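**Student:** Just the structure for this:
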Amino acid sequence: MTRLHPDPVYLDNAASTPIDPRVRALVVEWLERPGNPSSRHAFGERAHTAIEAARGQVARALAAEPGLVTFTSGGTEANALAVLGTARAAARRGLGRHVVVGPLEHACVRESAAALAREGFEVETAPLAADGELDLARLERLLRPDTVLCALSQASNELGTLMPVARAAQLVRKRAQKARLHVDAVQAFGKQDGALAELGCDSLAISAHKVHGPLGAGALVRSSAFELEPLVFGGGHEQGLRSGTHNAAALAGLGLAAELAEQQRAETVRTCNALRAHMLALLAERIPAARAIEPAAGSVAVLPSILAVSLPGAPAEVRLRHLERLGVYASAGSACQARKHDVSASFLAAGLSVEEARHVLRFSFARTTTRAEVERAVEALVQVSAEIDGLVAR
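**Tutor:** Numbering: from 1, shown residues only. From the prediction side, this is the model:
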């Protein structure tokens, strides 16, 4: 097992954030309390009350109704339930079998859409425009009367590109009146407005560990009680949409993390914006060959918490191993794809060649990241670049 550096700099917050001490204390408290939330005695009722309180916290953070919050094991399951559950329910009712997905979707959305294609659904992918934004004109042409689902990320988890979800919602209402618009907000929650009415979406997915909460807890939030086909069957938990014994500790942590994420959203954005700008300035000064991978000329908004950088020379995976030796932890894209050694589909969709995509590092920040950590990361990158590929560094 690889040893952790004694003084680590953690810049992989897009994969998972450090748990907030307040959330940790709550999770530990509930881990030490026995009781199945479905049991009809005092222990069970106490756990059930905690889960419903968490449901209310998530609902308030997203300006939704508590009864339309469905708890899941995380963002992957929430997205899968939305994509598969919405499309299958619509097809069963004879509404259509056409699905449109966005160009920079997480693997859980892409793979769920691929599963629908194997079931006979017609699945199409909306492209990016030349400036790196969602091509709304092409999206409008893809939408049609038998479209039953349009699934878009609010922000790319690898590039940070923000999608014009509200404008896309208008097109869906105009061109595909039977369709539901689902938004993967896992990466954007806590950094962008997640109110369903503001986005104009029908459903939205979040995950606790992206906002300083525990691993293994997420939610699918709907704007209305439209029909979904469940993926997990059993005891009828979560109004029959997600059976299985509730994890009271993790869900209590999700509720508090969601509440804190919304309360501290402005602070998080300010902190991350400053860190991102500082890192860009340092890279421009110390490693001129480094190139930020982002939409052209700042014409498209990006999350302040993500900075994707391309460096010529050694592949990103090699550079990451050397950075880890120096105590700096970053990534070469989505954590879900990291162990597959695949080239990122998002990087290819953004116009990078396969070779270019292999040289992209992703640095990601959180409200806990410090300016000193960014400076240490750049110093390490300078050292690594000089050691392994002789990039001009000064």
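
**Student:** ok, the closest residue to residue 166 other than its chain neighbours - contacts?
**Tutor:** In this structure, residue 166 finds its nearest non-sequential neighbour in residue 200, 5.2 Å apart by C-beta to C-beta, 6 or more residues apart in numbering. All C-beta atoms are positioned from the backbone trio N, CA, C, and that covers glycine. Residue 200 makes contact with 165-166, 169-170, 173, 181, according to C-beta atoms under 8 Å, 6 or more residues apart in numbering.

**Student:** Please list all residues in contact with the residue of the chain most remote from its centre.
**Tutor:** Ranking residues of the chain by C-alpha distance from their mean position (C-alpha atoms, centre = their mean) puts residue 41 at the top, at 37.5 Å. Going by C-beta under 8 Å, 6+ apart, residue 41 touches residue 35.

**Student:** Could you pull up phi and psi at it?
**Tutor:** Dihedral pair for residue 41: phi -110, psi -180, per degrees, to the nearest 10.

**Student:** Quick one, grab the pLDDT at it.
**Tutor:** Note on residue 41: pLDDT of 93.

**Student:** again, but for residue 338
**Tutor:** So, for residue 338, pLDDT stands at 45.

**Student:** any weak-confidence spans in this protein?
**Tutor:** For the chain, the stretches with pLDDT under 70 are 1, 296-299, 333-343, 390-394.

**Student:** can you list the domains in it?
**Tutor:** 9-19+264-388, 21-263 (automatic domain parsing).

**Student:** so which of those gets nearest residue 2?
**Tutor:** Checking the domains of the chain against residue 2 by C-beta to C-beta gives domain 9-19+264-388 as the closest, at 7.4 Å.

**Student:** how long is that closest one end to end?
**Tutor:** End-to-end distance for domain 9-19+264-388: 21 Å, by C-alpha to C-alpha, to the nearest Å.

**Student:** Contact partners for the closest residue to residue 105 other than its chain neighbours?
**Tutor:** The shortest distance from residue 105 to any non-neighbouring residue, by C-beta to C-beta, 6+ apart, is to residue 153 (5.5 Å). The contact partners of residue 153, taken as C-beta under 8 Å, 6+ apart, are 102, 104-106, 109, 163, 183-185, 187-188.

**Student:** What of residue 273?
**Tutor:** Residue 273 sits next to residue 304 when contact means C-beta under 8 Å, 6+ apart.

**Student:** Doesn't it belong to a helix?
**Tutor:** Yes: according to DSSP: H, G, I helix; E, B strand; the rest coil, residue 273 belongs to a helix.

**Student:** Backbone dihedrals for the residue nearest to residue 105, please?
**Tutor:** With angles defined as degrees, to the nearest 10, residue 153 sits at phi -80, psi 140.

**Student:** ok, now residue 158?
**Tutor:** Dihedral pair for residue 158: phi -110, psi -30, per degrees, to the nearest 10.

**Student:** Quick check, it in contact with residue 307.
**Tutor:** No: using C-beta atoms under 8 Å, residue 158 is not in contact with residue 307; the gap is 11.1 Å.

**Student:** between those two, what contacts are shared?
**Tutor:** With C-beta under 8 Å, 6+ apart as the test, residue 158 and residue 307 both reach residue 362.

**Student:** mind listing the helices for the stretch 251-394 of the chain?
**Tutor:** For the stretch 251-394 of the chain, the helices defined by DSSP state H, counting those that start in this stretch occupy 265-286, 316-325, 335-338, 345-349, 354-357, 371-388.

**Student:** Need the winner for burial among the ones you listed.
**Tutor:** Stretch with highest mean neighbour count among the helices of the stretch 251-394 of the chain: helix 345-349 (a mean of 22; mean count of other C-beta atoms under 10 Å).

**Student:** Only the C-alpha atoms, please, for it, written as CSV.
**Tutor:** The C-alpha trace of helix 345-349 is given here as CSV (Å, rounded to 0.1, in the frame of the first residue of the first chain):
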residue,chain,number,x,y,z
ALA,A,345,-14.4,11.2,-22.8
SER,A,346,-14.9,14.8,-21.6
PHE,A,347,-11.4,15.8,-22.8
LEU,A,348,-12.1,14.3,-26.2
ALA,A,349,-15.5,16.0,-26.4
